[in-house]
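>>> Give me coordinates for this.
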Amino acid sequence: GKGAAENSAYLLWSIGVEDARHKELIDVSTQKFCELLKNWDLKDLRQGFLKKCLQLLRERKSEFQVIVIIHKILDIFPLNSYPGLNRRLALETLDEEENF
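Model prediction:
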């Protein structure tokens, strides 16, 4: 269900992005995390994770994984597929992160 998928997304995020002790799992967990975000039930989490990615880039932490995740999130729903929704989401996120 949605709860299990959401918990899995947070777990994979922590392994792939926040926990440097598991270097051998970074690629796999980042890939699985991005696959989970494709789930329609988790669409509401995307903006929050995008904000976390921007914050980590600002702090110069986990840059490679974060760039991969940003790319994958943007690939899930390309702007030309849902121009109003995604453009609004991107603008809101960037407006909130104006110091980036």
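>>> Give the burial count for residue 62, as a bare number.
Residues within reach of residue 62, counting by other C-beta atoms under 10 Å, total 20. C-beta: built from backbone N, CA, C; applies to glycine.
>>> and if you look at residue 65?
Residue 65 has 20 nearby residues by other C-beta under 10 Å.
>>> same question, residue 7
Residues near residue 7, counting by other C-beta under 10 Å, number 10.
>>> sec struct for it, please.
Here residue 7 is helix, with the state taken from DSSP: H, G, I helix; E, B strand; the rest coil.
>>> Now do it against residue 68, distance only.
Noted for residue 7: a distance of 22 Å to residue 68, by C-beta to C-beta, to the nearest Å.
>>> which stretches of this structure have low pLDDT?
Applying pLDDT under 70 to the chain flags residues 1, 20, 22, 77-91, 93-100.
>>> Verify the contact between residue 41 and residue 5 for me.
Yes. The pair residue 41 / residue 5 is scored as a contact, 6.1 Å apart, by C-beta atoms under 8 Å.
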